[in-house]
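Novice: Got a predicted model here, sequence first, then my questions.
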Amino acid sequence: MSQPKPLWSVPVALSDILEAGRHYALTADENMRVELAKLAGLRSLQRLEANFDVRRHGPHSLHVTGHVAAIVGQNCVVTLDAMENKIEEDVDLVFVAPAELAEDDKAETRTAVADPMAPEPLVRDAVDLGGIATEFLILGIDPYPRKPEATFEPPAADDPAAAHPFAALAALKRGQGGE
């Protein structure tokens, strides 16, 4: 089964990484930021940068550490005003050959809870740093952005009896001849 190619793709092959490792500094250009903003449901994506250190982690594995930083444009959930949020996400992932993952699965019994530190599979003996940066960008987005000074104040209820959560059901019951 093939995986879809990430929108921002920066593949790094296992064979390209020597024992000493390699540093990658990625910056998304304006066109890529526009496309990623659409993908993530953002108003805008002003900046997206990622720095990764990729090292060997055994003969058929890679260890990727780094940091993803972005400035995203969103709307406040209270006021609906435009606002900007900073995203700062640390990355620490291990990628192993699928054959090694299969051996680990046989050795361990499966549990209902996935191990967050479990290694990821190498796909065609490579990792995609652009895909990793995109994933960590999306994971770092605040789903309910709120301006610091924004406060929600519910509307004042004219009838205190209508303010309780089951007021609408009580009105329906009264309308059907109930008491």
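Specialist: Received, thanks. Numbers count the residues shown, from 1 in each chain.
Novice: What segments of the chain are helices?
Specialist: 30-40, 98-107, 129-140, 167-175 (DSSP state H).
Novice: where among these is the average confidence lowest?
Specialist: Ranked by mean pLDDT, the helices of the chain bottom out at helix 98-107, which scores a mean of 62.
Novice: burial count for Val127?
Specialist: Residues contacting Val127 under the criterion other C-beta atoms under 10 Å number 24. For the C-beta atoms, the positions are set from N, CA and C on the backbone; glycine is no exception.
Novice: And the pLDDT for it?
Specialist: 95.
Novice: from memory it sits against His57, does it?
Specialist: No: the pair Val127 / His57 is not scored as a contact, 11.2 Å apart, by C-beta atoms under 8 Å.
Novice: Mutual contacts of the two, please.
Specialist: Phe95 (C-beta atoms under 8 Å, 6 or more residues apart in numbering).
Novice: In the protein, where is pLDDT below threshold?
Specialist: 1-5, 101-116, 155-163, 177-179 (pLDDT under 70).
Novice: All the strands of it, residue numbers only.
Specialist: Along the chain, the stretches classed as strands by DSSP state E are 11-13, 22-27, 44-56, 61-75, 82-96, 120-121, 126-128.
Novice: so which of these comes closest to Ala168?
Specialist: strand 61-75 (29.1 Å; C-beta to C-beta).
Novice: Describe which strands the closest one pairs with in its sheet and in which direction.
Specialist: strand 44-56 (antiparallel), strand 82-96 (antiparallel) (DSSP bridges).
Novice: mind putting those strands in JSON lines, mean neighbour count and distance to Thr134 included?
Specialist: Formatted as JSON lines, the strands paired with strand 61-75 follow (neighbours: other C-beta atoms under 10 Å; distance: least, C-beta to C-beta, whole Å):
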{"stretch": "strand 44-56", "mean neighbour count": "18", "distance to Thr134": "9"}
{"stretch": "strand 82-96", "mean neighbour count": "15", "distance to Thr134": "11"}
